[in-house]
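*Asks:* Structure for the following, please:
(chains A and B)
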Amino acid sequence: DAKTTQPPSMDCAEGRAANLPCNHSTISGNEYVYWYRQIHSQGPQYIIHGLKNNETNEMASLIITEDRKSSTLILPHATLRDTAVYYCIVRVKAAGNKLTFGGGTRVLVKP
Amino acid sequence: ETGVTQTPRHLVMGMTNKKSLKCEQHLGHNAMYWYKQSAKKPLELMFVYNFKEQTENNSVPSRFSPECPNSSHLFLHLHTLQPEDSALYLCASSQDYAGGPTDTQYFGPGTRLTVL
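*Replies:* Down below sits the predicted model:
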């Protein structure tokens, strides 16, 4: 699976949009981009995933660049409960179904 | 609430004890997973079960013994653990394992294990 690079930490203001970047410059054509988050001492929570089109659900939006070498997770209106470590993962949707977690971005939402 | 429950949530055990961690999923999924998360380290996949059959063992020491009696339940039996085995143990499940459209993994809250 392709390696991802995320900033180790970032702060954002409550009520504002949080834009979390992820670089995956070696991504191959059949690899999907997944985002999970982990609130302190809890299990990871699935947020969203996509292949090449932008995706939106009730939690977030995923914007993938045209060359697919990077993506941005957008939390449209961050709340204090969005404080967590956010993981960007790329993987092939094939037998094996492995999620390889890196260091993620520690997001702190401030009042 | 993800539909995946784990018990106990916290466990303290001595190195000579035998204990078991339990995971139950209420989602009708066919695949279940055990992960380990040590302090300041990324999650590590330990075992995968698909339709009750073990499909992956990531070189996990034999002092960890998984059991999957049916698609809804997964156990991790622990014996003669070491202090370095102290970690958050996470269970996950997914509808499919073979990479189909429904292979998203959903995690339980984890069991915080401390080995003295």
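
*Asks:* Can you name the residues that contact residue B:58?
*Replies:* B:44, B:45, B:46, B:47 (Cβ atoms under 8 Å, 6 or more residues apart in numbering or on different chains). Glycine gets a C-beta too; all of them are placed from N, C-alpha and C.

*Asks:* which of these are close to chain A?
*Replies:* The residues of the contacts of residue B:58 that also fall near chain A, by Cβ under 8 Å from any Cβ of the partner chain, are residue B:45.

*Asks:* Kindly present the contacts of residue B:58 as a markdown table, with separate columns for distance to residue A:48, pLDDT and neighbour count.
*Replies:* Converted to a markdown table, the contacts of residue B:58 look like this (distance: Cβ to Cβ, whole Å; pLDDT from 0 to 100; neighbours: other Cβ atoms under 10 Å in any protein chain shown):
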| residue | distance to residue A:48 | pLDDT | neighbour count |
| --- | --- | --- | --- |
| B:44 | 24 | 91 | 16 |
| B:45 | 21 | 92 | 20 |
| B:46 | 26 | 95 | 20 |
| B:47 | 27 | 94 | 23 |
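
*Asks:* closest to residue B:11 among the contacts of residue B:58?
*Replies:* The shortest approach to residue B:11 among those belongs to residue B:46, at 16.2 Å (Cβ to Cβ).

*Asks:* Leaving out sequence neighbours, find the closest residue to the closest one.
*Replies:* residue B:34 (4.3 Å; Cβ to Cβ, 6 or more residues apart in numbering or on different chains).

*Asks:* so that neighbour makes contact with residue B:74?
*Replies:* Yes: between residue B:34 and residue B:74 there is a contact at 6.9 Å, judged by Cβ atoms under 8 Å.

*Asks:* Need the contacts of residue B:58 in JSON lines (columns: secondary structure and distance to residue B:109).
*Replies:* Shown next, in JSON lines, are these (DSSP: H, G, I helix; E, B strand; the rest coil; distance: Cβ to Cβ, whole Å):
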{"residue": "B:44", "secondary structure": "strand", "distance to residue B:109": "18"}
{"residue": "B:45", "secondary structure": "strand", "distance to residue B:109": "18"}
{"residue": "B:46", "secondary structure": "strand", "distance to residue B:109": "17"}
{"residue": "B:47", "secondary structure": "strand", "distance to residue B:109": "18"}
